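*Asks:* Sharing a model that was predicted from the sequence below.
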Number of protein chains: 2
Amino acid sequence: MQAFFAPHSVAVVGASEATTKAGHVIVRNLRALGFPGAVHPVHPRLTSLHGYAARRNLAEVPGDLDAVVVAVPRERVPGCLREAAQRGVRAVVVVTAGFADAGDEAGRALSAELQALVANAPFRLMGPNSIGTISPADAFTTSITSQAPLPLGRVSIFGQSGMFASGLADLVRSEGRFGVARVACLGNKLDVDELDLLDFLGDDPRTAVIGAYLEGLSDGRRFLALARRVAARKPVVLLMSGRSELGRRAIAGHTGALAGAEAVLAGALRQAGVIRAEDLEDLFDLLEGLGHLPPAAGRRVAVVSITGVGCVLAADAADASGLSLPPLPATCLARARAVYPPWAPARNPVDMWAAIERSGVERAYTVLAEAVLAEPEFDALLLVFTLIPEADFDAAALVARLRAEHPAKPIAAVFMGGEAARLQAWSLAFRRAGVPVYPSPRRALRVLAALASPSRPTARAWSEP
Amino acid sequence: MQAFFAPHSVAVVGASEATTKAGHVIVRNLRALGFPGAVHPVHPRLTSLHGYAARRNLAEVPGDLDAVVVAVPRERVPGCLREAAQRGVRAVVVVTAGFADAGDEAGRALSAELQALVANAPFRLMGPNSIGTISPADAFTTSITSQAPLPLGRVSIFGQSGMFASGLADLVRSEGRFGVARVACLGNKLDVDELDLLDFLGDDPRTAVIGAYLEGLSDGRRFLALARRVAARKPVVLLMSGRSELGRRAIAGHTGALAGAEAVLAGALRQAGVIRAEDLEDLFDLLEGLGHLPPAAGRRVAVVSITGVGCVLAADAADASGLSLPPLPATCLARARAVYPPWAPARNPVDMWAAIERSGVERAYTVLAEAVLAEPEFDALLLVFTLIPEADFDAAALVARLRAEHPAKPIAAVFMGGEAARLQAWSLAFRRAGVPVYPSPRRALRVLAALASPSRPTARAWSEP
């Protein structure tokens, strides 16, 4: 599997001078990222592309060759695979679509032909209909859309969608949500499937958190056994679509053995320690939280909020997520009183507006956050901000310091409103400081609850990578 | 009530040269917005503020005075109300906090004193602990945070939170989510409450859509009767917090008669035709959709998506929202085939990637969107985009044209990923074109389902304002 993410050399069959072609963009991305291995564009007539010498076919590629990306019309894919087998390559990504995903007989016949070829081949095949992989630490990608470098990190994502190596990768990068270890787009799963990826990422020292999007399981029993083993060491977040009849019909060509048994599957996945995501938004919320924060020792949360509505919605959301909001202990209350006017109540959730009016926004956040973090009664802290000019201060510096002083306690932030540009700047700064950011208490507390699940790996195992 | 939103003259008691004081910001905002009425800063020693002549007390304010904003320490609020009563003003907003919301006996006593004063006063009182109102068409605001002008529109919001006139107003403005008619922050609801606002906005010609955030109902029975009457003419979206025991405890000083009877309330609100929002994010999602789109004639949706994962997640979400995704009728299929390669299936949800590769992104979106909109079998259209450079075209112009050609059919967009800056630019352009934008199929389809509810007002009534 390593050759899918960090090959020593890669050939791109279907390399093209036409800038809209996948074979063009793949080579351009490798050049732009500065991939240190050998790159061989393959095209019958091209002599070079983006400064790499082109070859007429795989046989003419000099030296060792361990990975091939195939981006030619579907009829020519079987021939490419035969050439790849002769060269003894280890990994083949087939970008081309129109096989089991097609609506026609020819697609199905070609898919069967690929299947037979792979059964006897020396290589593993990702796809067809796959955008392939990204591995930032190796400056490697097979994405067919323009890719700027992703921030390096410990979150890996794989699944049956090219979005993880295209639009969603752009979003993660530009919003700075989390750093990335590996991305893999499985496409039709003709050979490499979720079992391979989960197994590989479970042992991958670069990967500390695993996110997956699946439209069905190739082998439910094996997946559950494997997931249990991996989830004991690293958090595994799974978004499974096709929960509904409409959804299952939309998954063309999907015949997963467990489809339709959502209730059974849900219980089994929970027992295996897999975190279920509700949708893509939830998947990325969870990956951001798990990517930045340690596990929580328990479910007791302190909420410190600039706005009363934040307190009330946090209380409702804590209840829905199975978290508790214990009262402030006496020592904490005494410290909090120092920033409040005498008449104002101090309780958890902490509505801090009166403290801000009396003591200023920076002092109020600092004193109140430190007061609750010092208490063993609280396992996690949620800070709620609203980004109005009147509440401006270097909050990113504060949360960076709090994270450093309390490394074992998860701290998350909610930004309830504010100007879009300010929201974006603060979000980037907070995430750089290791604090995940959410638009509502509900979404933040959902993540803190996942961090506090008793089946989560311990902090020690978690921080190993 | 009109005097709360469009007074001819307003006095600000507690006006101050200290830029952090509420009384300073309120006067500065009125100057910045160009409020056309008379503005009278009131302060014992000030001669002028932001170019307005200051007065020592309300008695010295010349001419007619119909509104007063009170931003003085709580002990001095009762005196201000007596002065306001003597001047015969119609509307008083009390910004000052520390009454029923305070934790002390003095606060409760002051609250009772205010109550007695209001009972015999010629004016209505909003607050205390209220940021007050915004009315863009009247260039009026009493907000205590810096306010740039909100885009003028037909959505009105009121509730027990100052956020609607501060951080959330900034967000709505900078993201261009919808145009605003009126904003009111009710604070402690000592006098003016949700009944007054719902009644006023129900008859307000500027308001076509009403959103409310409440932490309890002053009079559940009257609210339901009124909501039924108003919701028959304009959509009413309600976020009620305090659903959980934790939430109810967080609502300090709240003793609503219906608290705790969430199940009963939920049924009654549904029967009254009120749309329930799950949280603030959902409230604003719904207001954006209702603010831009007509009601849907039914629940049959066509989904046209650049990405397969968008199709599958849309199918799951449609099922969860009680929407159907009928197959493409023969006429539609024939038009769709023109942009697809022969092998690619064309079905609803429409996975358009193969069509894009064959026909280009602009032609594929145009032909497929027009094909489904022309069919009476579909009541609404969801367009799913991913904002990668390879899929760039003037999509805002396309959706503006589609909206103009099919005014009775709701069209919503989902942007699944893309660079943050591009997402922001596209979102603004789409919203200007009258098409709401969501980050996931789930959130978009939830709104389309609300537009299709049988209890919604008809398109005719809806478009009246």
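*Replies:* Arrived safely, thanks for sending.
*Asks:* wait, what's in contact with residue A:414?
*Replies:* By Cβ atoms under 8 Å, 6 or more residues apart in numbering or on different chains, the contact set of residue A:414 is A:305, A:310, A:314, A:382-385, A:437-441, A:443-444. The C-beta positions use only the backbone N, C-alpha and C, and glycine is treated the same way.
*Asks:* what about 6 Å?
*Replies:* Residues in contact with residue A:414, defined by Cβ atoms under 6 Å, 6 or more residues apart in numbering or on different chains, are A:384, A:438, A:441, A:444.
*Asks:* just residue A:322 next, same as before
*Replies:* Residue A:322 touches residue A:449, counting by Cβ under 6 Å, 6+ apart.
*Asks:* Quick check: it is in a strand.
*Replies:* No. Under DSSP: H, G, I helix; E, B strand; the rest coil, residue A:322 sits outside any strand and is assigned coil.
*Asks:* mind checking the backbone torsions on it?
*Replies:* Backbone torsions of residue A:322, given as degrees, to the nearest 10, read phi 70, psi 30.
*Asks:* so how far is chain B from it?
*Replies:* 11 Å (Cβ to the nearest Cβ, to the nearest Å).
*Asks:* returning to that earlier point: dump the contacts of residue A:414 into CSV; add secondary structure as well.
*Replies:* As requested, the contacts of residue A:414 are exported to CSV (three-state DSSP):
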residue, secondary structure
A:384, strand
A:438, strand
A:441, helix
A:444, helix
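*Asks:* near chain B, which of those residues show up?
*Replies:* The subset of the contacts of residue A:414 lying close to chain B, counting by Cβ under 6 Å from any Cβ of the partner chain, is empty.
*Asks:* and these, which two are the farthest apart?
*Replies:* Largest separation among those by Cβ to Cβ: A:384 and A:438, giving 9.8 Å.
*Asks:* which of these two has more neighbours?
*Replies:* Per other Cβ atoms under 10 Å in any protein chain shown, whichever of residue A:384 and residue A:438 has more neighbours is residue A:384, with 27 against 24.
*Asks:* Now do the same contact list for that one.
*Replies:* Residues in contact with residue A:384 (Cβ under 6 Å, 6+ apart) are A:305, A:310, A:414.
*Asks:* mind checking the SS state of the last one?
*Replies:* Read it as residue A:414. Three-state assignment for residue A:414 (three-state DSSP): strand.
*Asks:* quick check, nearest of the contacts of residue A:414 to residue A:73?
*Replies:* Once Cβ to Cβ is applied, the member of the contacts of residue A:414 that ends up nearest residue A:73 is residue A:438, at 44.5 Å.
*Asks:* Now tell me what touches the helix or strand where residue A:423 lies from outside.
*Replies:* Per DSSP states H and E, residue A:423 falls inside helix A:420-432. With contacts defined as Cβ under 6 Å, 6+ apart, helix A:420-432 is touched by A:176, A:387, A:396, A:413, A:415, A:437, B:174-175.
*Asks:* Residues of the stretch 201-350 of chain A that sit close to chain B?
*Replies:* A:215, A:241, A:243-244, A:246-247, A:250-251, A:279-281, A:307, A:309, A:311-313, A:315-316, A:318-319, A:325, A:343, A:345, A:349.
*Asks:* Name the residues of the stretch 351-465 of chain A found near chain B, please.
*Replies:* A:386, A:388-390, A:416-420, A:440, A:442.
*Asks:* What subset of these is buried?
*Replies:* Among those, those classed as buried by 16 or more other Cβ atoms under 10 Å in any protein chain shown are A:386, A:388, A:390, A:416-420, A:440, A:442.
*Asks:* Among those residues, which lie within helices?
*Replies:* A:420, A:442 (DSSP state H).
*Asks:* Show me which pair in the buried ones among the residues of the stretch 351-465 of chain A next to chain B is furthest apart.
*Replies:* Going by Cβ to Cβ, the pair spanning those furthest: A:390 and A:442, at 25.4 Å.
*Asks:* if we can go back for a sec, where is pLDDT lowest across the buried ones among the residues of the stretch 351-465 of chain A next to chain B?
*Replies:* For these, the weakest pLDDT value sits at residue A:390, with 83.
*Asks:* Once you drop chain neighbours, what's closest to it?
*Replies:* residue B:145 (5.2 Å; Cβ to Cβ, 6 or more residues apart in numbering or on different chains).
*Asks:* Tell me the pLDDT of that neighbour.
*Replies:* On the pLDDT scale, residue B:145 gets 89.
*Asks:* ok, it touching residue A:388?
*Replies:* Yes. Applying Cβ atoms under 6 Å, one finds residue B:145 in contact with residue A:388, separated by 4.6 Å.
*Asks:* which residues are common contacts for the two?
*Replies:* residue B:166.
*Asks:* neighbours of residue A:25, just the number please.
*Replies:* 26.
*Asks:* no, scratch that, I was asking about residue A:431
*Replies:* As a burial measure, residue A:431 scores 22 neighbours (other Cβ under 10 Å).
*Asks:* Report the separation between it and residue A:388.
*Replies:* Separation of residue A:431 from residue A:388 (Cβ to Cβ, to the nearest Å): 21 Å.
*Asks:* Same question for residue A:326.
*Replies:* On the measure of Cβ to Cβ, residue A:326 and residue A:388 end up 30 Å apart.
*Asks:* Surely residue A:173 touches residue A:150?
*Replies:* Yes. Using Cβ under 6 Å, residue A:173 is in contact with residue A:150, at 5.3 Å.
*Asks:* can you confirm residue A:210 is in a helix?
*Replies:* No. The assignment for residue A:210 by three-state DSSP gives strand, which leaves it out of any helix.
*Asks:* got the contact list for it?
*Replies:* Contacts for residue A:210 (Cβ under 6 Å, 6+ apart) come out as A:156, A:201, A:234, A:236.
*Asks:* The second one is in what secondary structure piece?
*Replies:* This means residue A:201. In the assignment (DSSP H and E), residue A:201 maps to helix A:194-203.
*Asks:* No further questions, thank you.
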